[in-house]
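Return atomic coordinates for the entry below.
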Amino acid sequence: MMIPACRLEDLPRGEAHRLDIDPPVSVFHTDDGELFAIDDTCTHQDASLADGWLEGPEVECPLHASKFDLRTGAVDAPPAKLPVRTHEVVVEDGMIYVRLSTEAPNLPPCISARLAGGPA
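Numbers count the residues shown, from 1 in each chain. Sure, this is the predicted structure:
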């Protein structure tokens, strides 16, 4: 499924745009002009990666400084251990779209427990 994110002109280089879907997804526009989309929630704890720091093709979580490779979703720095899910980005007529991955997301334990009906 492809979801419209925002207009390319509305997402400056070095910034991110969060899509409030379940689970949330963020589109990152690197300083080099590349576009990437990943699940927005850090796999360590419930923190928005769109609020983190973008450096090259990596984003650093604002909560505990885990780093994720935007190209692969791989963890580049702990404490996170699981990768984030990546999504395809398509630009058509100046509009950024995200084609959502069909893989299951890696959610932090606090969110997984809440979704399963346990304590948060």
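
Endpoints of stretch 28-44, how far apart?
Across stretch 28-44, the terminal residues are separated by 20 Å (Cα to Cα, to the nearest Å).

So E9, which state does it fall into?
Three-state call for E9 (DSSP: H, G, I helix; E, B strand; the rest coil): helix.

Is it in contact with G94, as I believe?
Yes. E9 lies in contact with G94 (Cβ atoms under 8 Å); the separation is 6.5 Å. In this view, the C-beta of every residue, glycine as well, is placed from N, C-alpha and C.

State the distance from V91 to A77.
Going from V91 to A77 by Cβ to Cβ, to the nearest Å gives 29 Å.

where does this structure have its least confident helix or strand?
Each helix and strand of the chain was given a mean pLDDT (mean pLDDT, DSSP states H and E); the minimum falls on helix 109-115 at a mean of 69.

Quick check: which ranges of the protein have low pLDDT?
In the predicted model, the chain carries pLDDT under 70 at residues 112-120.

Report how many residues lie close to E88.
Counted with other Cβ atoms under 10 Å, the neighbours of E88 add up to 12.

er, A5 actually
Counted with other Cβ under 10 Å, A5 comes out at 24.

From here on, call the first residue 7.
Yes, from this point I'll number from 7; that puts the last item at A11.

That one in helix, strand or coil?
For A11, the secondary structure call by three-state DSSP comes out as strand.

Give the closest residue to it in space, chain neighbours not counted.
For A11, ignoring the flanking residues on the chain, the nearest one in space by Cβ to Cβ, 6 or more residues apart in numbering is I102 at 4.4 Å.

Secondary structure element holding the one you found?
Assigned by DSSP states H and E, I102 falls within strand 101-105.

Check for me that S32 belongs to a helix.
No. S32 sits outside any helix when classified using three-state DSSP, being strand.

Can you get me a residue count around it?
Residues contacting S32 under the criterion other Cβ under 10 Å number 25.

That one is in contact with S54, isn't it?
Yes. Counting by Cβ under 8 Å, S32 touches S54, with 7.5 Å between them.

Measure how buried L25 is and give me the count.
19.
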